[in-house]
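Chemist: Sequence first, predicted coordinates after that:
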Amino acid sequence: SDQGPQRPNGIGMDATGPKSRNIIRKSRDGEIKKRKIVEKNMLGDTGPFKGNKGTCYDGGVRIPFIIRWPGKVKANYIDQENVISGLDWLPSVCRLAGIEKMPENIDGEDVSKVWLGDNYKREKPLFWQNNPGLGMRKGKWKYYLVLDNKRKIVGEELYDILNDPAEDENLSAQNPEIAKKLKQRLLAWKATLPKKVAKTGKYRHKYE
C-alpha cells in the first residue's frame, strides 16, 4: 500500500471499535460529513511493524518495491537487507541511463547496485516528519523525537531496527550517547525545513 495502510477509519492511531464508525468530522474544505462506508474499510495489516499510514514508524514508511528488467534484474529475488528510498530514484536512474554529471547536494543516493542485485551501504541517514514527530534511520538505528500538539519535544525513542523490527524496546535510556548524536543530527535536519506553510486555495501546500 501507499506508505502503510490507512489508519482505522482514517481518523487516528487509536480510533478503533464500533464508536469510531459514527464519528463526524470536517473534510479538508470544511464540509461536515460522516465517514463513508469505503472510509470505514481503508484498513490493512503491517504484520510485525509498528505504526501505519501517516507515521514515521516502519509500518508507515515500508512499501513494496518491485523491479522487472529482463536480462538485468534477477527474477524471483527478494532483498530484505538493503535500505532504499524514493529519494534515490533520480541518481539511480541517471546512473543506469549513463548520465555522469549530477546536480549537487541532492538528498538521494545512487542505489542502482541494489536494483541489480548487489548490496549497498547507505551513507546518508533517512529523515521523516510525521507522527510521533520527527524520525530518522541511520544504519541499524531508528530514532524519534516525540512532539506534542504544539510541536514541543516531549520524549525520544531509539530502536535497534535490525534486531527489533517491531520497534518494541525503546533503547534511548540504555544508549544515551547514541541518542544524543542522532538527536543533534535530526534537529540539524529539521532546521533546514521550510518555516512557513502558506494556504493557497482550499489546501495548505505552499512552503516558504
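Modeler: Perfect, thanks for sending it.

Chemist: What is the neighbour count of Gly135?
Modeler: Counted with other Cβ atoms under 10 Å, residues neighbouring Gly135 total 25. Heads up, the C-betas are built off the backbone N, CA and C, glycines and all.

Chemist: and it, what does it touch?
Modeler: 56-57, 127-129, 142-145, 186 (Cβ atoms under 8 Å, 6 or more residues apart in numbering).

Chemist: So it versus Val146, what's the distance?
Modeler: 10 Å (Cβ to Cβ, to the nearest Å).

Chemist: what about the helices in the chain?
Modeler: 58-61, 89-96, 112-115, 176-190 (DSSP state H).

Chemist: Same list, those, but as CSV with mean pLDDT, mean neighbour count and distance to Thr46 please.
Modeler: Output for the helices of the chain, formatted as CSV (pLDDT from 0 to 100; neighbours: other Cβ atoms under 10 Å; distance: least, Cβ to Cβ, whole Å):
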stretch, mean pLDDT, mean neighbour count, distance to Thr46
helix 58-61, 90, 22, 3
helix 89-96, 94, 16, 24
helix 112-115, 94, 18, 23
helix 176-190, 97, 15, 23
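
Chemist: can you redo these as TSV with distance to Glu156?
Modeler: Listed next are the helices of the chain as TSV, based on distance: least, Cβ to Cβ, whole Å:
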stretch	distance to Glu156
helix 58-61	17
helix 89-96	31
helix 112-115	30
helix 176-190	6
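
Chemist: out of those, nearest to Pro70?
Modeler: For Pro70, the closest of the helices of the chain is helix 112-115, at 13.7 Å, according to Cβ to Cβ.

Chemist: which secondary structure elements does that closest one contact?
Modeler: helix 89-96 (3 or more Cβ pairs under 8 Å, 6 or more residues apart in numbering; DSSP states H and E).
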